[in-house]
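Undergrad: Dropping a prediction and its sequence here:
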Amino acid sequence: MADKDGNKIAKDYHVEVPFANQGGFHVKGSNSLDWGMKKHLANIFDPKSGNTVMFAFDHGYFMGSTAGLERLDLLIPELLPYVDVLMGTRGALRTCVPPECRKAIALRTTSGSSMLNDDLSHEVIAVDIEDSIRMNADCMAVQTFVGADGQLSSLDNLSRTINAGFRYGIPTMGVVAVGKQMERTDRFFKLATRLLAELGANIIKTYYCENFEEIVSACPVPIVVAGGKKLPEDEALTLAYRSISEGARGLDMGRNIFQSEHPAAMAQAVGKIVHHGFTDKQAFEFYQDASHQ
Ligand code: R5P
């Protein structure tokens, strides 16, 4: 194992140089994967824009009923036309998502804590690979807690899921959690995103931060950015715009869509940035127009 102390600081990110070894497939770092894995990734990342709008509604797995998600059966059909991927628990997907829906599925597969715990960093693999196959999941989402008490078990959960995913051709999305005691610095996100990619995750979900371009540059698989706590719509769209402009291949947004006064308009506005090159200002104008219709 390399020494922990006295290492040189990494700085040669070459953010202006495109990722090498792309070989024609549009999803970063995935060119050497098998056809089935690529098919799932192509369901997630639009082959034209290369990007994705994931709608995250898995909050109930530790928060229970969440503001804006009280009636998934009513909300999901309203938003379906405007998103590429539904990210949820198997309970929510099986009960509230019409099976004829043609959207990609990001299945939350770890759980084990709740809002009643002070330390949320201890989870287990709750969904086995057979059920992910039955659910026709396009990726399995595993929460990880780098630097927290539950680091070891969460990286074990991730590695086991990646192993099973490679066995059966289902990609794994490593989710970088930030907790009370954990840093939200570019130093932390550089460490966590690269670590998860090196363990074999095919997609990384993380947060936007300063020097984001360097984080993207050093991560050999696509990064999607979590929305985080509800912001005013214009600020959430600025977050989306900065993320995409600086190299994210998508947004995995929950509260900033489902807690918006106009969730469908917000989902569409995010899609304009992600797939159609809108600026944050243009997307906000679109949101305002769409919310009055
Ligand atoms: C986080 O653990 C949850 O899995 C959510 O999917 C994630 O936080 C994205 O939702 P939001 O945009 O509300 O942060």
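TA: Everything's here; your move.

Undergrad: ok, now which ones touch the one residue sitting closest to the centre of the chain?
TA: Centroid-nearest residue in the chain, with Cα atoms, centre = their mean: residue 205, separated by 3.7 Å. Residues in contact with residue 205 (Cβ atoms under 8 Å, 6 or more residues apart in numbering) are 141, 173-176, 223-226, 252. To be clear about C-beta, it is placed using only N, CA and C from the backbone, and glycine gets the same treatment.

Undergrad: where along the stretch 101-250 of the chain do the strands fall?
TA: 104-108, 110-111, 124-125, 139-144, 172-176, 203-206, 223-226, 250-253 (DSSP state E, counting those that start in this stretch).

Undergrad: a markdown table please, covering those strands and showing mean pLDDT and distance to residue 76.
TA: Compiled in a markdown table, the strands of the stretch 101-250 of the chain are given as follows (pLDDT from 0 to 100; distance: least, Cβ to Cβ, whole Å):
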| stretch | mean pLDDT | distance to residue 76 |
| --- | --- | --- |
| strand 104-108 | 98 | 12 |
| strand 110-111 | 96 | 20 |
| strand 124-125 | 96 | 25 |
| strand 139-144 | 98 | 17 |
| strand 172-176 | 98 | 20 |
| strand 203-206 | 98 | 20 |
| strand 223-226 | 97 | 19 |
| strand 250-253 | 98 | 15 |
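
Undergrad: re earlier: now the residue nearest to the centre of the chain, nearest residue through space, not along the chain?
TA: Spatial nearest neighbour of residue 205, chain neighbours left out: residue 175 (4.6 Å); criterion: Cβ to Cβ, 6 or more residues apart in numbering.

Undergrad: For burial, what's the neighbour tally of the one you found?
TA: Residue 175 has 28 neighbours, counted by other Cβ atoms under 10 Å.

Undergrad: surely it meets residue 145?
TA: No - using Cβ atoms under 8 Å, residue 175 is not in contact with residue 145, being 9.7 Å away.

Undergrad: any low-confidence regions in the stretch 101-250 of the chain?
TA: Counting by pLDDT under 70, the stretch 101-250 of the chain contains low-confidence ranges at 180-182.

Undergrad: Around the ligand, pick out the residues from it.
TA: 143, 226-228 (Cβ under 6 Å from any ligand atom).

Undergrad: Please, where are all the helices along the stretch 51-200 of the chain?
TA: Listed in chain order, the helices of the stretch 51-200 of the chain (DSSP state H, counting those that start in this stretch) span 60-63, 72-79, 90-96, 129-134, 151-168, 186-198.

Undergrad: Please produce CSV containing these, extended by mean neighbour count and distance to residue 291.
TA: Conversion of these to CSV gives the following (neighbours: other Cβ atoms under 10 Å; distance: least, Cβ to Cβ, whole Å):
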stretch, mean neighbour count, distance to residue 291
helix 60-63, 17, 26
helix 72-79, 16, 13
helix 90-96, 17, 24
helix 129-134, 15, 36
helix 151-168, 18, 39
helix 186-198, 20, 32
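
Undergrad: of those, which approaches residue 286 most closely?
TA: Closest of the helices of the stretch 51-200 of the chain to residue 286 is helix 72-79, at 15.9 Å (criterion: Cβ to Cβ).

Undergrad: same for that closest one, what does it pack against?
TA: For helix 72-79, the packing partners by 3 or more Cβ pairs under 8 Å, 6 or more residues apart in numbering; DSSP states H and E come out as helix 90-96, helix 255-258, helix 263-276.

Undergrad: Make CSV out of those and add distance to the ligand and mean pLDDT.
TA: Shown next, in CSV, are the helices and strands packed on helix 72-79 (distance: least, Cβ to the nearest ligand atom, whole Å; pLDDT from 0 to 100):
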stretch, distance to the ligand, mean pLDDT
helix 90-96, 12, 97
helix 255-258, 4, 98
helix 263-276, 11, 98
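
Undergrad: looking at these, which is buried most?
TA: helix 255-258 (a mean of 26; mean count of other Cβ atoms under 10 Å).

Undergrad: List every C-alpha atom in that helix, with coordinates, as CSV.
TA: C-alpha atoms of helix 255-258 as CSV (Å, rounded to 0.1, in the frame of the first residue of the first chain):
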residue,chain,number,x,y,z
ARG,A,255,-35.9,17.7,-4.2
ASN,A,256,-35.2,20.6,-6.6
ILE,A,257,-37.7,18.9,-9.0
PHE,A,258,-40.3,17.3,-6.7
